[in-house]
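> After the sequence you'll find the predicted model.
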Amino acid sequence: MLAGKLALVTGSSRGIGWETARVFARSGATVILNGREPSRLETRRKELSAEAGREMYALAFDVSDAGTVRNAYQDIFKSYGRLDILVNNAGILQDALLGMIADEMIDRSFKVNAFGALYNLQAAARLMGRAGAGAIINVSSIIGTSGNEGQTLYGSTKAALIGLTRSAAKELAPKGIRVNAVAPGFIDTEMTRQLPIQSGSNGSRASSCVGSGGQRKSQTSSLSWPLTSRHMSPVRLSASMAEC
């Protein structure tokens, strides 16, 4: 399905990003892994290359740094001359009740989750525009569409991705570039394991909306949908999410 395609998956040294990279590799794509820890990233690159039986690549950069992102895409252009798929997956989770959200938390969360996605989208669109084709997938969250107690900050950053996706999809469609978002429910990853599932004022702060934890392997299929479907809606909610 993805044979011959070159895909960059941000935040792909663990969690949803890692499983997405594995799914893409099994489908024939050449994957560029991304993360901020070069040693961990290189280990993952070797692991993915061994699984796929062909060479995969890795590019360590901080998605929240606009200059670093621009340099990374210059490297991609110099090395490969193109980019077919971008998955904006990198994100952080900093939960707190409204009165406990520090300025530094707001700044960091938006820089990584929202600004980082925008920086990558801009750079990828320039590369894809040269070929007149491409696909960009933004990983939002059910918290960005339905909200959850104690997750106002995280939900705001993920809601921003929905607006980014809808507007970018309209702007880039004439250039042959599709922009979609997926909004997964609660997935069992290293990041979500920090959630206090049975804590909070009503005893269900993290579980009130997100439901039981889904598995990464079963949910990464949601990220393949935008690459094959001509569905008109640019946003898709994961089938595993809980009703709220």
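Yep, it's here.

> Just the buried residues of whichever helix in the chain runs longest, please?
Across the chain, the longest stretch assigned as helix under DSSP state H is helix 152-172. By neighbour count on 16 or more other CB atoms under 10 Å, the buried set for helix 152-172 is 153-162, 164-165, 168-169, 172. C-beta here means a position set from N, CA and C on the backbone, and glycine is covered the same way.

> list the helices and strands that helix packs on?
Applying 3 or more CB pairs under 8 Å, 6 or more residues apart in numbering; DSSP states H and E, one finds that helix 152-172 makes contact with helix 103-110, helix 116-131, strand 134-139, helix 142-146, strand 177-183, strand 235-237.

> pLDDT weak spots in this protein?
Within the chain, the ranges that satisfy pLDDT under 70 run 186-244.

> tell me the centre residue of it?
Note on the chain: the residue nearest the mean C-alpha position is residue 89, at 1.4 Å, using CA atoms, centre = their mean.

> shouldn't that one be in contact with residue 18?
No: contact criterion CB atoms under 8 Å: residue 89 and residue 18 do not qualify, at 9.3 Å.

> and for these two, which residues touch both?
Taking CB atoms under 8 Å, 6 or more residues apart in numbering as the contact rule, residue 89 and residue 18 both touch residue 12.

> Let me see the contact set for the nearest residue to residue 116 once chain neighbours are set aside.
Here the nearest residue to residue 116 in space, its sequence neighbours aside, is residue 63; by CB to CB, 6 or more residues apart in numbering that works out to 3.4 Å. Neighbour list for residue 63: 10-11, 34, 69, 90, 112, 116-117, 119-120 [criterion: CB under 8 Å, 6+ apart].

> Check the spacing between residue 63 and residue 4 real quick.
Residue 63 sits 26 Å away from residue 4, going by CB to CB, to the nearest Å.

> Repeat that for residue 157.
From residue 157 to residue 4 the distance is 34 Å (CB to CB).

> what do you get for residue 74?
Distance of residue 74 to residue 4, computed by CB to CB: 23 Å.

> Of those two, give the one with the bigger neighbour count.
Remark: of residue 74 and residue 4, residue 74 carries more neighbours, 12 against 8, as counted by other CB atoms under 10 Å.

> before we move on, which element is that one in?
helix 66-80 (DSSP states H and E).

> report the angle between the axes of that helix and helix 116-131?
If you take axes from the mean of the first three to the mean of the last three CA atoms, to 10 degrees, helix 66-80 sits at 30 degrees to helix 116-131.

> what comes up buried for helix 66-80?
Quick answer for helix 66-80 (16+ other CB under 10 Å): 66, 69, 72-73, 76.

> May I see the residues you listed arranged in TSV, with distance to residue 56 as well?
Putting the buried residues of helix 66-80 into TSV (distance: CB to CB, whole Å) gives the following:
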residue	distance to residue 56
66	26
69	21
72	16
73	18
76	14
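
> Return the closest of these with respect to residue 103.
For the buried residues of helix 66-80, the residue nearest residue 103 by CB to CB is residue 66; the value is 20.3 Å.

> Neighbours of residue 110, how many?
Residue 110: 16 surrounding residues under other CB under 10 Å.

> Verify the contact between residue 136 and residue 89 for me.
No: here residue 136 does not reach residue 89: they are 11.5 Å apart, not a contact under CB under 8 Å.

> Residue 33 - that's part of a strand, no?
Yes: the assignment for residue 33 by DSSP: H, G, I helix; E, B strand; the rest coil puts it in a strand.
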